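> Next comes the sequence, and after it the predicted model I'd like to discuss.
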Amino acid sequence: MAAEREEEPGPGPCLCPGLTGGERGTAGGCRCSALPAPRQGVLEKARRRLRQFDVGDKFSRLPLPRAAVLLPLTVRAGRLHLLLTVRSMQLRRSPGEVCFPGGKREATDKDDIDTALREAKEEVGLQPEKVEVICRLMPGIDKMNNLVTPVVGFVEDTFEVTPNPDEVSEIFVVPLEYFVKPLNYKTFSYKTSSGYLTRIHCFIYDDQEHRKSFKIWGLTAHFAVFLALVIFGERPTFEVDYDLDNLISSSENYFINLYASVHERKKSNL
Ligand SMILES: CCCCCCCCCCCCCC(=O)SCCNC(=O)CCNC(=O)[C@H](O)C(C)(C)COP(=O)(O)OP(=O)(O)OC[C@H]1O[C@@H](n2cnc3c(N)ncnc32)[C@H](O)[C@@H]1OP(=O)(O)O
Ligand SMILES: [Mg+2]
């Protein structure tokens with residue numbers, strides 16, 4: 001595993017939600033008194049990297065049904081962790097699979113950020129005001145050909161989450177470094193319904209807290225790996241489909257090729 005991050009240079013600007021501009025102090029002098037410097041350093045570094053990869057609403061006009069997921073990041077013991085869920089066995093689609101809180105767009109959602117926050121509230125009880133939204137990353141396309149946008153948000157380590165048993169059976173966290181330096185990893189080729197051949201990552205994570213192993217693969221693993229590549233800027237211990245020296249353009253090319261295969265398949269079915 002990567003070196004512990006407690007040694008990260010602190011203190012950056014205060015990250016307390018609710019404080020802006022001139023109200024933001026440094027970690028030493030902040031009125032919120034709260035966050036230890038290492039946490040601030042980790043978040044500030046991640047925030048700077050993530051903002052470079054923000055796609056905003058660049059893909060919002062593509063003619064595919066939309067869904068969004070929240071990639072909730074938190075700092076524990078000075079290291080970034082990612083919150084994931086296990087889907088309820090009662091669900092019609094992908095029961096028992098690991099995924100991020102998220103779901104399909106509803107008419108009342110004004111954008112993908114709204115969808116991700118609404119779904120996170122419905123599925124794990126995470127209040128939108130407890131999430132500091134940082135950016136939207138390159139979308140993916142799921143088995144049903146929904147365009148899925150990952151929205152990255154920071155949440156306090158003290159967040160309280162409760163699975164909604166209709167949709168979520170478990171909630172767990174994984175150190176983000178695991179998605180570049182895994183202990184148990186497999187990869188295989190996968191042909192999407194549109195005929196696009198892609199690499200699938202599959203991680204087994206042994207969770208000490210729950211004393212069980214979780215299998216994280218497919219679209220969820222793609223998003224987790226991409227997030228870790230963006231934030232750490234390091235070469236992973238396994239192969240990826242991106243040119244790591246040109247991560248922005250190569251991830252965009254990857255998405256465009258995937259999208260083109262879906263689009264072509266739709267046209268040929270007309
Ligand atoms: C950088 C570029 C990356 C590119 C990556 C390309 C990789 C390519 C790899 C491709 C590999 C592809 C292969 C793989 O990845 S498969 C591999 C592993 N699986 C995954 O990675 C999971 C991926 N899927 C998802 O994350 C979700 O399915 C998404 C977010 C896409 C959709 O969201 P979701 O499915 O969660 O939608 P929802 O939350 O709106 O609704 C869920 C259901 O719940 C019902 N419901 C709602 N409320 C209630 C209630 N109160 N009581 C009871 N039920 C309720 C509701 O009606 C709905 O039912 P139904 O209508 O489904 O029956
Ligand atoms: Mg869902």
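Thanks, I have it. Numbers count the residues shown, from 1 in each chain. Ligands and ions are numbered 1, 2, ... in the order given.

> what pairs with the residue nearest to the spatial centre of the chain across the strands?
The residue lying closest to the centre of the chain (CA atoms, centre = their mean) is Leu71, at 3.0 Å. Listed beta-bridge partners, Leu71: Val152 (assigned using DSSP bridges).

> measure it to ligand 1 for me?
As judged by CB to the nearest ligand atom, to the nearest Å, Leu71 and ligand 1 stand 11 Å apart. No exception for glycine: its C-beta is placed from N, CA and C like everyone else's.

> what residues does the stretch 151-270 of the chain put near ligand 1?
Listed as neighbours of ligand 1 in the stretch 151-270 of the chain under the rule CB under 6 Å from any ligand atom: 166-167, 190, 192, 198, 217-220, 222, 226, 251, 254-255, 258.

> Most neighbours of all those, which one?
Most neighbours among those, by other CB atoms under 10 Å: Thr220, with 26 neighbours.

> ok, back up a step: correct me, but the residue nearest to the centre of the chain touches Thr149?
No - with contacts counted by CB atoms under 8 Å, Leu71 stays clear of Thr149, the gap being 10.4 Å.

> And the closest residue to ligand 1 within the stretch 51-200 of the chain, which helix or strand is it part of?
Closest residue of the stretch 51-200 of the chain to ligand 1, CB to the nearest ligand atom: Gly103 (2.4 Å). Following DSSP states H and E, one finds Gly103 within strand 102-104.

> which SS state does Asp114 fall under?
Following DSSP: H, G, I helix; E, B strand; the rest coil, Asp114 is assigned to helix.

> Just the CA coordinates for the longest helix along the chain, please, in PDB.
Counting residues, the longest helix found in the chain (DSSP state H) is helix 247-268. What follows is helix 247-268, C-alpha atoms only, in PDB (Å, rounded to 0.1, in the frame of the first residue of the first chain):
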ATOM      1  CA  LEU A 247      -5.100  11.000 -19.000                       C
ATOM      2  CA  ILE A 248      -7.700  13.700 -20.000                       C
ATOM      3  CA  SER A 249      -7.500  13.100 -23.700                       C
ATOM      4  CA  SER A 250      -7.200   9.400 -23.600                       C
ATOM      5  CA  SER A 251     -10.100   8.900 -21.200                       C
ATOM      6  CA  GLU A 252     -12.200  11.100 -23.500                       C
ATOM      7  CA  ASN A 253     -11.200   9.000 -26.500                       C
ATOM      8  CA  TYR A 254     -12.100   5.900 -24.600                       C
ATOM      9  CA  PHE A 255     -15.500   7.300 -23.800                       C
ATOM     10  CA  ILE A 256     -16.100   8.500 -27.400                       C
ATOM     11  CA  ASN A 257     -15.300   5.100 -28.800                       C
ATOM     12  CA  LEU A 258     -17.600   3.400 -26.400                       C
ATOM     13  CA  TYR A 259     -20.400   5.900 -27.100                       C
ATOM     14  CA  ALA A 260     -19.800   5.600 -30.900                       C
ATOM     15  CA  SER A 261     -20.400   1.800 -30.600                       C
ATOM     16  CA  VAL A 262     -23.700   2.400 -28.800                       C
ATOM     17  CA  HIS A 263     -24.800   5.000 -31.400                       C
ATOM     18  CA  GLU A 264     -23.900   2.800 -34.400                       C
ATOM     19  CA  ARG A 265     -25.800  -0.200 -32.900                       C
ATOM     20  CA  LYS A 266     -28.800   2.000 -32.300                       C
ATOM     21  CA  LYS A 267     -28.700   3.300 -36.000                       C
ATOM     22  CA  SER A 268     -28.400  -0.200 -37.300                       C
END
